[in-house]
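Q: Predicted structure and sequence below. I'll ask about it afterward.
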Amino acid sequence: MKYFDYKGEKISRLGFGCMRFKTLDDDNGKIDKERSSKIILEAIDKGLTYIDTAYPYHDGMSEKFVGEFLEENNLREKIKLTTKLPCWLVKEYDDFYKILNEQLDNLRTDYLDFYLLHSLDIKRFRQMVDLGVFDFLNDIKEKGLVKNIGFSFHDEYSAFEEIIKSYPWDFCQIQLNYLDINYQAGMKGYNLAKDMGIPMVIMEPVKGGRLANPPEEIKNSLKEFTDLSPAQEALKFPLSLDNVMVVLSGMNDIDQVRENLEIASEVSYNSLTKEDESFYENARKIYKSREQIGCTACEYCLPCTVEINIPKVFGLWNKAYLYDEEEKSKTDYQEYLKDGVSPTECIECGKCEGICPQNLEIIEDLKEANEYLA
């Protein structure tokens with residue numbers, strides 16, 4: 001495993017994202033603890049030191065599982081533990097402390113190595129500022145409750161610039177992969193953070209798993225110059241950036257862990273070849289010509305007011321085009337409709353659009369997806 005030298009400590013370049021564990025009974029809140037524990041242990045045994053969770057992951061159960069896992073395996077001091085403040089739940093100043101204390105209890109620890117303001121856009125950020133978030137951050141850091149303060153970001157570049165320049169952040173987290181170089185903060189945001197000396201954590205490096213199973217023409221072009229898998233070639237992009245401290249992966253299979261550990265142990269900074277660069281450029285053109293909607297299945301839009309499984313619908317819509325699976329996607333959609341709620345039941349409340357990190361026009365896109373799939 002390769003490491004990032006952060007304030008004199010070595011942080012594993014690969015981080016374990018805890019929002020996509022295997023579950024039981026198709027219930028997002030029922031984590032398959034036995035299977036998930038084995039997977040995390042495999043990663044830690046191979047040198048991974050960074051674990052990233054958040055208050056809402058797995059219907060509020062991810063933090064509790066991670067805390068239980070670390071305590072039972074006596075691993076708290078061996079890893080860097082990260083979670084995030086659910087800013088949308090903060091209504092008054094005291095809520096900052098109430099939520100943090102709940103998170104510390106969930107994680108069975110008295111301090112956090114890294115703590116982020118979760119899923120900031122400019123409106124949410126300004127609300128946090130008005131509520132006194134900077135005083136809170138200064139206080140918890142001074143008390144040793146949190147060692148490093150950052151934010152995760154989902155908005156346009158102008159918002160990123162305002163936020164990153166507003167406070168002496170220790171680090172920040174953005175979505176970045178070889179497709180999304182101009183999306184949200186993008187490479188422009190990466191370069192700004194680098195110039196300011198603020199290390200980055202990267203989320204969605206494989207775009208919700210999408211880049212692990214690209215169209216055949218992309219797979220074939222990859223085989224022309226490397227033995228790396230599509231997922232490994234995707235991870236290589238952010239791993240090669242020298243201001244990236246950690247690249248997160250939501251691993252839920254032992255083979256994924258081994259595959260990702262292998263590439264994270266091989267890629268050095270500034271190591272992309274001309275063949276890599278050419279592949280990324282060509283793949284961008286192919287994907288953009290096929291993609292129907294930029295949903296990453298992060299599930300922030302859930303639960304839907306009328307219980308439409310929005311990521312499921314969008315996932316089937318995209319798969320039909322991205323992976324040449326029109327008939328399969330339409331068949332799977334009919335299976336979904338047997339027990340799931342149709343997009344035609346949408347009441348257009350707008351709740352989902354208000355919290356979508358990708359700023360998707362979900363209401364209209366659901367109509368279009370249903371028209372195609374049905």
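A: Received the coordinates, thanks. Numbering: from 1, shown residues only.
Q: hey, let's count contacts and neighbours off CA atoms from now on
A: Will do.
Q: In this structure, where's the longest helix?
A: helix 274-290 (DSSP state H).
Q: mind listing what's buried in that helix?
A: 276, 279-280, 283, 286-287, 290 (16 or more other CA atoms under 10 Å).
Q: Restricting to C-alpha, output that helix in PDB.
A: Output of helix 274-290 as PDB, limited to C-alpha atoms (Å, rounded to 0.1, in the frame of the first residue of the first chain):
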ATOM      1  CA  LYS A 274       0.200   9.100 -22.900                       C
ATOM      2  CA  GLU A 275      -1.800   5.900 -23.400                       C
ATOM      3  CA  ASP A 276      -3.700   6.500 -20.100                       C
ATOM      4  CA  GLU A 277      -4.500  10.100 -21.100                       C
ATOM      5  CA  SER A 278      -5.600   9.000 -24.600                       C
ATOM      6  CA  PHE A 279      -7.800   6.300 -23.100                       C
ATOM      7  CA  TYR A 280      -9.500   8.700 -20.700                       C
ATOM      8  CA  GLU A 281     -10.200  11.200 -23.400                       C
ATOM      9  CA  ASN A 282     -11.700   8.600 -25.700                       C
ATOM     10  CA  ALA A 283     -13.800   7.100 -23.000                       C
ATOM     11  CA  ARG A 284     -15.200  10.500 -22.100                       C
ATOM     12  CA  LYS A 285     -16.500  10.900 -25.600                       C
ATOM     13  CA  ILE A 286     -18.100   7.500 -25.700                       C
ATOM     14  CA  TYR A 287     -19.800   7.800 -22.300                       C
ATOM     15  CA  LYS A 288     -21.100  11.200 -22.900                       C
ATOM     16  CA  SER A 289     -22.700  10.100 -26.100                       C
ATOM     17  CA  ARG A 290     -24.500   7.300 -24.300                       C
END
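Q: Quick one: mean pLDDT for that helix?
A: Helix 274-290 shows a mean pLDDT of 93 in the predicted model.
Q: And the next helix or strand past it?
A: Per DSSP states H and E, the first helix or strand lying C-terminal to helix 274-290 is helix 310-322.
Q: contacting residues around that following helix?
A: 214-215, 287, 290-293, 295-299, 301-302, 304, 325-330, 332-333, 366, 369-370, 372-373 (CA atoms under 8 Å, 6 or more residues apart in numbering).
Q: And stretch 175-189, by the same measure?
A: 153-157, 160-161, 174, 202-207, 234-235, 237-238, 280, 283-284.
Q: In strands, which of the residues you listed appear?
A: 153, 174, 202-203 (DSSP state E).
Q: wait, is Val247 part of a strand?
A: Yes. Counting by DSSP: H, G, I helix; E, B strand; the rest coil, Val247 is found in a strand.
Q: can you pull the contacts of it?
A: With CA under 8 Å, 6+ apart, Val247 has these contacts: 13-15, 201-203, 205, 235, 238-239.
Q: That one and Phe314, how far apart?
A: Separation of Val247 from Phe314 (CA to CA, to the nearest Å) stands at 25 Å.
Q: Same check on Ala264?
A: Ala264 is 30 Å from Phe314, by CA to CA.
Q: Can you tell me which of the contacts of helix 310-322 are buried?
A: For the contacts of helix 310-322, buried by 16+ other CA under 10 Å: 214-215, 287, 290, 292-293, 295-299, 301-302, 304, 326, 329-330, 333, 366, 369-370, 373.
Q: Next step: the contacts of Val247 restricted to helices.
A: 235, 238-239.
Q: quick one: which of those residues is nearest to Ser37?
A: Among the ones in helices among the contacts of Val247, Leu235 lies closest to Ser37 (CA to CA), at 23.3 Å.
Q: From Tyr55, how far out is the closest residue in space to that closest one that isn't next to it in sequence?
A: Excluding the flanking residues, the one nearest Leu235 by CA to CA, 6 or more residues apart in numbering is Pro205, at 5.9 Å. Going from Pro205 to Tyr55 by CA to CA gives 21 Å.
Q: who has more neighbours, those two?
A: Pro205 (27 against 21; other CA atoms under 10 Å).
Q: That one touches Ser249, doesn't it?
A: Yes. Counting by CA atoms under 8 Å, Pro205 does reach Ser249; the two are 7.3 Å apart.
Q: Make JSON lines out of the ones in strands among the contacts of stretch 175-189 and add neighbour count.
A: As requested, these are exported to JSON lines (neighbours: other CA atoms under 10 Å):
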{"residue": "Phe153", "neighbour count": "27"}
{"residue": "Ile174", "neighbour count": "24"}
{"residue": "Ile202", "neighbour count": "24"}
{"residue": "Met203", "neighbour count": "23"}
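Q: Now render the residues you listed as JSON lines, adding pLDDT.
A: Converted to JSON lines, the ones in strands among the contacts of stretch 175-189 look like this (pLDDT from 0 to 100):
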{"residue": "Phe153", "pLDDT": "97"}
{"residue": "Ile174", "pLDDT": "98"}
{"residue": "Ile202", "pLDDT": "98"}
{"residue": "Met203", "pLDDT": "97"}
